[in-house]
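Colleague: Structure for the following, please:
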Amino acid sequence: MLKLGVNIDHVATLREARYRGRGAGEPDPVAAARVAEQAGAHGITAHLREDRRHIQDRDIWQLKEAVQTRLNLEMANAPEIVKIACQLKPDIVCLVPERRLEVTTEGGLDVAHHLYSLSETRKHLNDVGIEVSLFVAPDARQIEASAQVGAQFVELHTGAFAERFDTGPGRAEELARLKQAAQQAHAAGLRVNAGHGLNNENVRVLLGVPHLVELNIGHSLMSRAILSGLDAAVRELLKVMADYRDGAD
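Modeller: This is a model prediction of the structure:
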């Protein structure tokens, strides 16, 4: 069965837009994680960025306590964050590239050029019982390097496939790249996840990629949740407001 990991970063993005630095606020990403699990999600993904633009340290500790399925911590290969991960002990860590100016993760890790540092981090994480995934482009060189690092998983970056999905040209080529990368990773003993830019439409086509274990999806889920839940939210608030009585009466 193909599993779904729900990324809750953008729940925190919305909260931080109003409550940044205040230690609390809504919406609560931990509450969102509970809802996702109750709906059938197989895991929860959260990215603790070095700049703390959305998920905060308190969030990941609360998630560790609350998540009943599988906690996937996305993170850069940075000493501060690696130390936190080793203390937190999520079920799995996905190492991703991170740049301060990007809106979201723009590409895969260059594993081939960072074999030593990634291997050392992988060892530290594995030694405390954390599985390791590497977020990589569907590129043969990066898949080979990921196996050399000793990671348990690769997560294939589906961004190029998602970008070309609606335009048509290049979609078949990107899908073929993902299929080939998944086959190579599987043959090398790596388990295969995928994510970035996925939604209800392009996932239907992505199902043709072999050996997938889990899809990690966030933005499109949160976008649909706003629209599908807005009707109920407005109706609930109107019910509360209906109790108003003008003091002049």
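
Colleague: what's the offset of stretch 151-159 from the middle of its chain?
Modeller: Here the centre of stretch 151-159 is set off from its chain's centre by 11 Å, with CA atoms, centre = their mean, to the nearest Å.

Colleague: oh sorry, the question was meant for stretch 172-183
Modeller: Taking the mean C-alpha point of stretch 172-183 and that of its whole chain, the gap between them comes to 21 Å (CA atoms, centre = their mean).

Colleague: Residues touching it, excluding its own?
Modeller: Here stretch 172-183 makes contact (CB atoms under 8 Å, 6 or more residues apart in numbering) with 138-140, 143, 154, 156, 158, 160-161, 164, 192, 194, 205-206, 208-212. In short, each C-beta sits where N, CA and C put it, glycine included.

Colleague: Can you name the residues in contact with stretch 114-122?
Modeller: Counting by CB under 8 Å, 6+ apart, stretch 114-122 makes contact with Asn77, Val82, Leu95, Leu109, Val111, Val132, Leu134, Ala145, Gln148, Val149, Gly150, Ala151, all of which sit outside it.

Colleague: repeat for stretch 224-238
Modeller: Contacting residues not belonging to stretch 224-238 are listed as Asn200 [CB under 8 Å, 6+ apart].

Colleague: What are the buried residues along it?
Modeller: Of the residues in stretch 224-238, those scored as buried under the neighbour-count criterion (16 or more other CB atoms under 10 Å) are Ala225.

Colleague: Kindly format the C-alpha coordinates of it as PDB.
Modeller: Included here for stretch 224-238 are C-alpha records, laid out as PDB according to Å, rounded to 0.1, in the frame of the first residue of the first chain:
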ATOM      1  CA  ARG A 224      -7.800  22.300  -0.500                       C
ATOM      2  CA  ALA A 225      -8.400  22.300   3.300                       C
ATOM      3  CA  ILE A 226      -8.900  26.000   3.400                       C
ATOM      4  CA  LEU A 227     -11.600  25.900   0.700                       C
ATOM      5  CA  SER A 228     -13.300  22.700   1.800                       C
ATOM      6  CA  GLY A 229     -13.400  23.800   5.400                       C
ATOM      7  CA  LEU A 230     -14.300  27.500   4.900                       C
ATOM      8  CA  ASP A 231     -18.000  26.800   4.500                       C
ATOM      9  CA  ALA A 232     -18.100  25.100   7.900                       C
ATOM     10  CA  ALA A 233     -16.000  27.800   9.600                       C
ATOM     11  CA  VAL A 234     -18.200  30.600   8.400                       C
ATOM     12  CA  ARG A 235     -21.400  28.800   9.500                       C
ATOM     13  CA  GLU A 236     -19.900  28.000  12.900                       C
ATOM     14  CA  LEU A 237     -19.000  31.700  13.500                       C
ATOM     15  CA  LEU A 238     -22.400  32.900  12.300                       C
END
